[in-house]
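K.L.:
Sequence and computational prediction follow.
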Amino acid sequence: MADTPLLYLQIALRLAQMIASGALQPGQRLPSVRDSAAQNNVSVATVVQALATLEEHRLVQPRAKSGYFVAAASRAKAAALVRKIQQEPEPAKLQPGPRASEQVIDAATRAVVSFAGYSPKDKDFFDNDRIRVALGRATRQKRSTLTEYTSSSGTLALRNAVALRALHLGCALKADDIVITSGCINAVAMCLQTVTRPGDLVAIESPTFFGFLDLLESLGLKALALPTDPRTGVSLPALQLALDTQPIKALLLVPTLSNPLASVMPLTHKRALARLVAKHQLPLIEDVVFNDLLATDARRRAVKAYDSEGWVMTCGSFAKTVSPGIRLGWVDAGRWSKELATLKRVQGAATNAVLEYALADLLTQGSYEAHLRRLCLLMKQRLGQARKMILASFPAGTKVNDPPAGYTLWVELPVAVDTMDLFNLCKRAGITIGPGQVFCASHRYRHCLRLSFAGLWEPREQAALLEVGQLACQLLAGARAQGSTDTPEATRMDFICANEISAHELW
Ligand SMILES: Cc1ncc(COP(=O)(O)O)c(C=O)c1O
């Protein structure tokens, strides 16, 4: 802010900020003039002047004898007023790097159509009624747990249910080794905290889930990005070379339906990976959050299934198959199980037992497998339709992966298209996409994007997908008019199939 604004402007600013952030919603009543004057230690006249300013900008409306109310569709106008009072420039363009992920998540929550999120939102995906019934039953039967401290590792009922589900991943886990967490990322965070120290080097897939990049950064860890094939996952020769030459302290991989490529490592690769980490005595943090989305147990099989010495720390959750809102996950940390359980206890991170009982109930119902089969079929159809639309309406030369399951497609546009620019154009049209750059720490994927189809898929969303394609065509035409070429040295999909070790990105 250049100078401190006048008193009435300071009050207007505070209220405008609350409207812009959504803390004050359209239709909500503002505090009375008298209360505001007392809270801010100013005169009634100053508050009236502040409200008049907000009214002038159509952020609030007076109602006779009732006071002031937040006007409809006032959020963007409030943000503009905040900028005006603070004399700030227009918001910056999306910048590359982990922080960009926050802008994508923020845009996704405001967008009319979001192709950016990876949490299923479509009501067809969740059996809301079953979740409600299970919660009601758990609340009735386990009410006493609400007034007691419970085990920090989680209830035996849920740990048993997780061990039973793990049989579908080819893993014979013991309930005693399982720790319940508040989601899969929380499980991964605890594994990293258990086996690394700030400054350590962790090998990851490239591209990778942006949440991992954020997490590594927040823990002060360095990432070594390994080339990853869109079909068969991380390159084992590249990993072998990296292990021989770099001081890697842990591996963090999603071997089954990686994010964003949706690659699935063949079972022979998974077995070889288990052998490699045992040979190097290296912890492998394996994220199995998407395994259940595959149709058969053979394809769901985890690397953990081949781990006889406990080098694999397996992390999962049911955010992608039951509900992201339940916020429960799990970890079997192999040879570090006890240390991880202690870490969870000392951090006071126990989860809610009633929710755990409800989830255990849902997972052990026969209908869970039927639900997974339905989900798998629904997404296969949907991704097939979306793929066809992309290939028909996006710029010529666009490539799209053909994942066996999951919620997303990875799209590679001609290299002249910068998907950061596309993100900004789409955002103005009320659509969010996942620009390639948030999935790595360099510019390697600036012409790529991830599109998620876990939200609604109705005529509005289908029209929005065509609009993304049109905007990409416009950007490409503009880039070419400015002399940009789109003959890459090697496009990403060609590149990753070549398994080139030069893809290492140390940052
Ligand atoms: C690879 C991966 N792991 C974990 C998660 C999130 O899991 P949770 O919501 O259980 O923390 C995501 C979400 O997209 C993901 O892509």
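P.N.:
Done, it's in.

K.L.:
tally of neighbours for the nearest residue to residue 368 once chain neighbours are set aside?
P.N.:
Excluding the flanking residues, the one nearest residue 368 by Cβ to Cβ, 6 or more residues apart in numbering is residue 362, at 6.5 Å. Placement of C-beta: from N, CA and C, glycine included. When neighbours are defined as other Cβ atoms under 10 Å, residue 362 has 24 of them.

K.L.:
so residue 362 touches residue 134, yeah?
P.N.:
Yes - using Cβ atoms under 8 Å, residue 362 is in contact with residue 134, at 5.0 Å.

K.L.:
Which elements pack onto the stretch of helix or strand residue 251 belongs to?
P.N.:
Residue 251 belongs to strand 248-253 when assigned by DSSP states H and E. Contact analysis of strand 248-253 by 3 or more Cβ pairs under 8 Å, 6 or more residues apart in numbering; DSSP states H and E lists helix 184-195, strand 201-206, strand 284-287 as its packing neighbours.

K.L.:
Direction included, what does the second one pair up with?
P.N.:
The sheet places strand 201-206 alongside strand 222-229 (parallel), strand 248-253 (parallel), with pairing taken from DSSP bridges.

K.L.:
Mind listing what's buried along stretch 466-474?
P.N.:
467, 468, 469, 471, 472, 473 (16 or more other Cβ atoms under 10 Å).

K.L.:
rewinding a little: I'd like the strands paired with strand 201-206 laid out as a markdown table, including distance to the ligand.
P.N.:
Formatted as a markdown table, these follow (distance: least, Cβ to the nearest ligand atom, whole Å):
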| stretch | distance to the ligand |
| --- | --- |
| strand 222-229 | 13 |
| strand 248-253 | 10 |
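
K.L.:
Select, out of the ones you listed, the one closest to residue 375.
P.N.:
The closest of those to residue 375 is strand 248-253. By Cβ to Cβ, the value is 23.6 Å.

K.L.:
For the helix or strand following that closest one, buried residues please.
P.N.:
Note on strand 248-253: by DSSP H and E, the next helix or strand toward the C-terminus is helix 267-280. Using 16+ other Cβ under 10 Å as the burial criterion, the residues of helix 267-280 that qualify are 269, 270, 271, 272, 273, 274, 276, 277, 278, 280.

K.L.:
Determine the set of other helices and strands touching helix 267-280.
P.N.:
Packing partners of helix 267-280 (3+ Cβ pairs under 8 Å, 6+ apart): helix 236-245, strand 284-287.

K.L.:
one step back: mind checking which of the helices and strands packed on strand 248-253 is nearest the ligand?
P.N.:
The closest of the helices and strands packed on strand 248-253 to the ligand is helix 184-195. By Cβ to the nearest ligand atom, the value is 3.5 Å.

K.L.:
tell me the angle the closest one makes with strand 201-206.
P.N.:
Between helix 184-195 and strand 201-206, the angle comes out at 150 degrees (axes from the mean of the first three to the mean of the last three Cα atoms, to 10 degrees).

K.L.:
avg pLDDT for helix 184-195?
P.N.:
What helix 184-195 shows for mean pLDDT is 98.

K.L.:
what does the stretch 201-350 of the chain have sitting close to the ligand?
P.N.:
209, 211, 254, 259, 287, 289, 317, 319, 324, 329 (Cβ under 6 Å from any ligand atom).

K.L.:
For the fifth one, the count of nearby residues, please.
P.N.:
Read it as residue 287. What residue 287 shows, counting by other Cβ under 10 Å, is a neighbour count of 29.

K.L.:
And for the fourth one?
P.N.:
When counting by other Cβ under 10 Å, one arrives at 26 neighbours for residue 259.

K.L.:
my read: it touches residue 208, true?
P.N.:
Yes - using Cβ under 8 Å, residue 259 is in contact with residue 208, at 7.3 Å.
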